[in-house]
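1. have a look at this prediction, sequence included:
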Amino acid sequence: MKKNWLIAACVATLLASFGSAHGQSLDYGALARLFGEPVTTSVTGSPQRVSDVPATMQIITSDDIRRSGSRDIPGVLRHLADIDVLQWTNDDADLSVRGYDQVYSPRLLVLVNGRQVYADYYGFTPWSAIPVELSDIRQIEVVEGPNSALFGFNAVGGVINIITYNPLYDDINKAAVTGGTQGLAQGSAIGTFKVGDRAALRISAGGYRDDDFSTPIPPGMSSASRGGEYRGAVDLDGIVRLGQSAELRLEASHSQVQQNEVIPGYTFSTSRYESGSAMARLSAETSVGIVRATAYSNWLQEITPTASGLGDLHNQVTVLQLQDISKIGAGHTVRASFEYRHDTVDTTPFSGAEVFYDVVAAGGMWAWDIAPSLSFTNAFRLDTRFLGRDGPAPPGYPFSNADWNRTLVEPSFNSGLVWHVDAEDTLRLLASRGVQIPSLVQNGAFVSVSPFLGVTGSPTLAPTVVTNYGLGWDRTLPRFGARLRLTAFQERTTDIVSDTGATILTPTIPFAVSTNVGDSTANGLELGLGGRSAGHWRWNIADRAEFVADHLAPGLSNLAAITDFQRTTPADIVTGHVGWSEGRWEADGFLRYQTRSFGFLPSGASFVLTPISDYVALDARIGYRLTERVSLALSGQNLAFATQTQTSGAKVERRILGTITVGF
Amino acid sequence: MMRRLIGTICMIAIATPLLLCALLGALSPACAGVTHNDLVIAARALSFLENPPTGDVRVGIVCAPGDPRSNAEATSLRDILRGGLRAGNLVLRPVMVRIDEVERAKVDLLFLTHGVGAAAARVAAVSDAKRIPCVTTDIAQVKRGTCVVGVRSEPRVEILVNRAAAGASGTTFSTAFRMLITEI
């Protein structure tokens, strides 16, 4: 009888979601409850259960985020063994998937609800400037390996798509205040509002002030003093149903950030970011499938002290996308897409010119359900980039504007065979090719001229191509409420771009310019085992072993190229998590172990590689639900030591946070 | 060179047990059987119909009186829905329907229990004629086309829709949902 009432309660819950079929945006919550696992569109563009995707993928749920005890997105992601994290300062980190991490890490494409927040003018993600609060996020989708065939250029190392709550389906109203070490004062609030059943709005805002770590900055990285750190962000997300089969989503955001960070050249800087975005997305279910048209524009201004090198960067990217996804017959899902992108950035510190490109892309995807247990997915995309430059150049500059009149045509693909061998085992065979174009800064937006030396980018750079092959095995262990995941991959990278490495002699001064420095190959193994038991315990352990071999161009040293991924990528990363909950209490502990690696440090006019000892970082959180609406949490990061070396920069410090969350 | 060699050895070392394990997995028998959670999944799937029912919904629980398994399943369903199950803007009410009386049943939804056997063809006929969705945990009935939607919750949630039966009964799921399920 008890079981029957449980069923009845579940039925009541599900039936409350009647009507979800009318909206075109996915009701992630209802679908996850139905299938017992998260649903995503980040691999093929069509909705898929995470166990069906033709990719190596992990999804971090809102529950995982809350129990991580972290105060920012990099803090959440560092609990995954497949993610490399360089925590440079209290608020700045560079992340990558499957190694190859570096300052301003360019290989990881980051999006919010499909809108790029990756700053492709310099090929990095300013995490603090992402206008999303942790309490906004329904799930963070981590796709490992190239996925350019869906997302275009720069999705080469992996993709992180941050999915926020949908105000049409989710009723989220809460505010949180956090205080902690390093003088942290942080607050956030999110509210959702419905107008009948046809319109809904989500508003979120948040911000913080804190101090940077006080550990010494390594000599050579900077002699500058640290500045104060702050962040403010607001995000508006409105959805209107247009009749029974169409939906319009409008989203706008703004963020303002000041943080201490390490910028290319491994230089310490206090940088400011001011960003804004506007997006409109029209979706309609038609006789030819689900048609979706998206237009968005991102503005970002990065202001760094000229003494540190960069100066001011004004970037604007505008994207128009059109796609149609339909299911043909019982076993074929197809997707056709078109994209136009315009990206421009002003030159700096020499001002008055701009470097820009237009990209026109067309793509297609075909997912074939060969049998109920076997599917074969192929996606292909062709991107054409038209590079250009307008405006003056300094005297003696080694290029003319005509040098930028270049067209680049690059194909990318993703193929995946997914075989549910039996009820417990799934095999994946994956192959993909992704393309990373040089950033606009590497293409010449950075122009610095002194009486003795010029530094700039180059319009002649070749794109970096990443080819990935993977074999994965998932096995559910129902007896233990656990799942085992094993993935082997090989990733080949050609034509790596470095900010420096070549010299052009001109009649006046020599120019150090960006260049392609060589190739690299990585072989790796990812192992994950995790589960839940008796409703009280959750646990997982994961390991990523990776062996990288670089092949730099003849005559080019790793120090001159500032490229040495075989030493800067740790050979092994292990993470572990144990969580417990009962009644009003929750407790979680996280461990991250990383083997010895190296990091670059400036040394005079060149660089040195400094060793980073293997380390263990320990994070933890204890939560207590005071009432139905009020909860308290005490959490900490890097708890094992007061300070710890995790990069070639300043040591990180232990952080302790206290948070009170109120629902309304 | 040494790293490359180590990497290659590792790949081989990894791939070999993977293939062996996959082979072993393929030889192990799949789980079978019906659980109560199957019914929960069935109900959840209905919310993704293009035109989900609203208001009072009479659920016809179709059983074969002579089959103990069918009777047990029908009784369980009736207990869940007894008194009317309010959910959002609709109320589910159970109606016990003997297979030999299915043509006369005045219901909005059909739940086909196990054990009805070949007589399920009568359910299909009613589903088509009255354009009423049919849901079952008896996957064989879906494969035969005598019921539209089949569900299984363990060890992995599976939803199977017979497109021909769905077309005949006017049961249409949203396009996005169709991409998440198995159609035959």
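-> Here it is on my side, so go on. These numbers were taken from a predicted model, which means no experiment stands behind them.
2. hey, let's count contacts and neighbours off CA atoms from now on
-> OK.
3. now for the helix or strand harbouring residue A:455, which elements pack on it?
-> Secondary structure from DSSP states H and E places residue A:455 in strand A:454-456. When contacts are defined as 3 or more CA pairs under 8 Å, 6 or more residues apart in numbering or on different chains; DSSP states H and E, strand A:454-456 sits against strand A:446-449, strand A:510-533.
4. got CSV for the ones you listed, with mean neighbour count and distance to chain B too?
-> Below are these laid out as CSV (neighbours: other CA atoms under 10 Å in any protein chain shown; distance: least, CA to the nearest CA, whole Å):
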stretch, mean neighbour count, distance to chain B
strand A:446-449, 24, 36
strand A:510-533, 22, 5
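5. reformat those as CSV; add mean pLDDT.
-> Below are the helices and strands packed on strand A:454-456 laid out as CSV (pLDDT from 0 to 100):
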stretch, mean pLDDT
strand A:446-449, 91
strand A:510-533, 95
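6. who wins for proximity to residue A:479 among these?
-> Proximity to residue A:479, assessed across the helices and strands packed on strand A:454-456 by CA to CA, is greatest for strand A:510-533 (9.9 Å).
7. what lines up beside whatever helix or strand comes next after that closest one in the sheet?
-> Tracing the chain past strand A:510-533, the next element assigned as helix or strand by DSSP H and E is strand A:537-552. Applying DSSP bridges, strand A:537-552 is found paired with strand A:510-533 (antiparallel), strand A:572-582 (antiparallel).
8. just to revisit the earlier point, who's in contact with the helix or strand just after the strand holding residue A:455?
-> Using DSSP H and E, the helix or strand that directly follows strand A:454-456 along the chain is strand A:464-477. Here strand A:464-477 makes contact (CA atoms under 8 Å, 6 or more residues apart in numbering or on different chains) with A:56, A:145-146, A:156-157, A:424-438, A:482-497, B:15, B:18, B:22.
9. cool, stretch A:63-72 as well?
-> Stretch A:63-72 has contacts (CA under 8 Å, 6+ apart) with A:75-76, A:128, A:134-135, A:586-588, A:619-621, A:633-637.
10. from those, pick the one nearest chain B.
-> Closest approach to chain B among the contacts of stretch A:63-72 (CA to the nearest CA): residue A:135, at 26.4 Å.
11. where does chain A dip in pLDDT?
-> Along chain A, the model assigns pLDDT under 70 to residues A:1-24, A:223, A:306-310.
12. is residue B:37 in contact with residue B:153, as I believe?
-> Yes: taking CA atoms under 8 Å as the definition, residue B:37 is a contact partner of residue B:153 at 5.9 Å.
13. could you point out the helix or strand that follows the helix or strand of chain B with the lowest mean pLDDT?
-> Least confident helix or strand, chain B: helix B:2-27 with a mean of 42, by mean pLDDT, DSSP states H and E. For helix B:2-27, the following helix or strand on the C-terminal side (DSSP H and E) is helix B:36-46.
14. which elements pack onto that following helix?
-> Helices and strands touching helix B:36-46, by 3+ CA pairs under 8 Å, 6+ apart, are helix A:2-15, helix A:28-35, strand B:149-152.
15. if we go to 7 Å?
-> Here helix B:36-46 touches helix A:2-15, strand B:149-152, going by 3 or more CA pairs under 7 Å, 6 or more residues apart in numbering or on different chains; DSSP states H and E.
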